[in-house]
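Asks: pasted the sequence and its predicted model underneath.
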Amino acid sequence: MKILVLNGPNLNMLGIREPAIYGSGTYDSLCGMILRRADELHVEVAFFQSNSEGDLVTRIQQAYGREDAIIINPAAYTHTSIAILDALKAVGLPAAEVHISDVNQREPFRRISYAGMACELHYIGMGFDGYLRALEDLAAKYG
Ligand code: DQA
């Protein structure tokens, strides 16, 4: 099984960015954690992080016929991007939405998730563990 792990804008700044909200772990350490769990589960993972909405849309499209499922933290585009929602619907792959912080307990504008409307699984406010839970649950269901 192949899973694409997508991360949106400013997640490359993990570790530096608002550590009180997102913790002290870096993007590289997050990828390392995911990779180790993926190895244990015998799942192949591909990582993609971009600060550009269009690049995220393009990479979702490329997943069609290439990966079997998607884990996505669209970051701020969660709350604005119908293009990412449409791309997820277009490829029709099983998808899991992850947010490191609890978006429902923050500013009201973070409560709407467009991308989440195309995701069957949701991991909100679980820190980096949300990605691991998403990986385990997708592997159990579709692996
Ligand atoms: C985030 C929450 C978003 O509201 C925010 O814009 C992010 C990160 C999270 O992982 O908690 O960049 O998706």
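Replies: Received it, and whenever you're ready, just let me know what you need.

Asks: going forward, measure contacts and count neighbours with C-alpha atoms only.
Replies: OK.

Asks: and the closest residue to Thr80 other than its chain neighbours, how many neighbours?
Replies: Using C-alpha to C-alpha, 6 or more residues apart in numbering and skipping the chain neighbours, the partner closest in space to Thr80 is Tyr114 (6.9 Å). Tyr114: 19 surrounding residues under other C-alpha atoms under 10 Å.

Asks: which residues touch Tyr114?
Replies: Shown in contact with Tyr114 (C-alpha atoms under 8 Å, 6 or more residues apart in numbering): 78-82, 84-85.

Asks: what's the ChimeraX line that selects buried ones from these?
Replies: In ChimeraX, a selection of the buried entries from the contacts of Tyr114 looks like this (16 or more other C-alpha atoms under 10 Å):
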select :78,79,80,81,84,85
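
Asks: restrict the contacts of Tyr114 to contacts with the ligand.
Replies: Among those, not one lies near the ligand by C-alpha under 6 Å from any ligand atom.

Asks: okay, and which of the contacts of Tyr114 map to helices?
Replies: Residues of those located in helices (DSSP state H): 82, 84-85.

Asks: please enumerate the helices of this protein.
Replies: 19-22, 27-41, 53-62, 82-91, 129-142.

Asks: now distance to Asn10 too, for these, in a markdown table please.
Replies: Shown next, in a markdown table, are the helices of the chain (distance: least, C-alpha to C-alpha, whole Å):
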| stretch | distance to Asn10 |
| --- | --- |
| helix 19-22 | 11 |
| helix 27-41 | 10 |
| helix 53-62 | 12 |
| helix 82-91 | 17 |
| helix 129-142 | 17 |
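
Asks: lovely, talk soon.
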